[in-house]
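> Dropping the sequence and predicted coords here.
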Amino acid sequence: MRNSYIVAYDIADPKRLRLVFKTMRAWGDHLQFSVFECQLNAADLVRLRAKLAEIIHRDEDQVLFVDLGPAAGRGDRVISALGKPYTNIDAPLIVV
């Protein structure tokens, strides 16, 4: 089963930023600057995370994966991070 994910990234180095962007173009739809929407099954998610982990510097960069639930419907949103830890901001989340 495929889930919909929002993948957003903050990459400190321009060279790594270009590599992450090129990698993400192969996996999803470019929504806004460093934001992509991807339809991934569990194996795809593992492969994408592994590819990005080879590029980023965990102490400087951050990639967020927002699980929007099944691609065919909506489920619970779960946010996990690769690199710097995700920090919940006390503001409402609005996805347009």
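Everything's here; your move.

> In contact with the closest residue to Arg16 other than its chain neighbours: list those residues for me.
Once flanking residues are discounted, Arg16 sits nearest to Ile55: 5.7 Å by CB to CB, 6 or more residues apart in numbering. The C-beta positions use only the backbone N, C-alpha and C, and glycine is treated the same way. Contact analysis of Ile55 by CB atoms under 8 Å, 6 or more residues apart in numbering lists 16, 19-20, 23.

> Neighbour-wise, give me the winner out of those.
The residue in the contacts of Ile55 with the most neighbours, by other CB atoms under 10 Å, is Val20 (23 neighbours).

> Need the pLDDT of that residue.
Listed pLDDT for Val20 reads 98.

> and the next element down the chain from the helix or strand harbouring it?
Taking DSSP states H and E as the criterion, Val20 maps to helix 14-25. Counting by DSSP H and E, the next helix or strand C-terminal to helix 14-25 is strand 29-32.

> Surely Tyr5 touches Leu68?
Yes - Tyr5 lies in contact with Leu68 (CB atoms under 8 Å); the separation is 6.6 Å.

> what about the two, which has more around it?
Neighbour count, other CB under 10 Å: between Tyr5 and Leu68, Tyr5 has more, with 24 against 19.

> ok so, going back, can you add distance to Met1 and give the contacts of Ile55 back as CSV?
Output for those, formatted as CSV (distance: CB to CB, whole Å):
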residue, distance to Met1
Arg16, 32
Leu19, 30
Val20, 26
Thr23, 23
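
> Out of the residues you listed, flag the one nearest to Phe33.
Val20 (11.7 Å; CB to CB).

> hmm, who's touching stretch 47-54?
Stretch 47-54 has contacts (CB under 8 Å, 6+ apart) with 7, 9, 20, 23, 27, 38, 40, 63, 65, 82.

> Now do the helices in the chain.
Taking DSSP state H as the test, the helices found in the chain are 14-25, 42-55.

> would you turn those into CSV with distance to Ser34?
Formatted as CSV, the helices of the chain follow (distance: least, CB to CB, whole Å):
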stretch, distance to Ser34
helix 14-25, 8
helix 42-55, 12
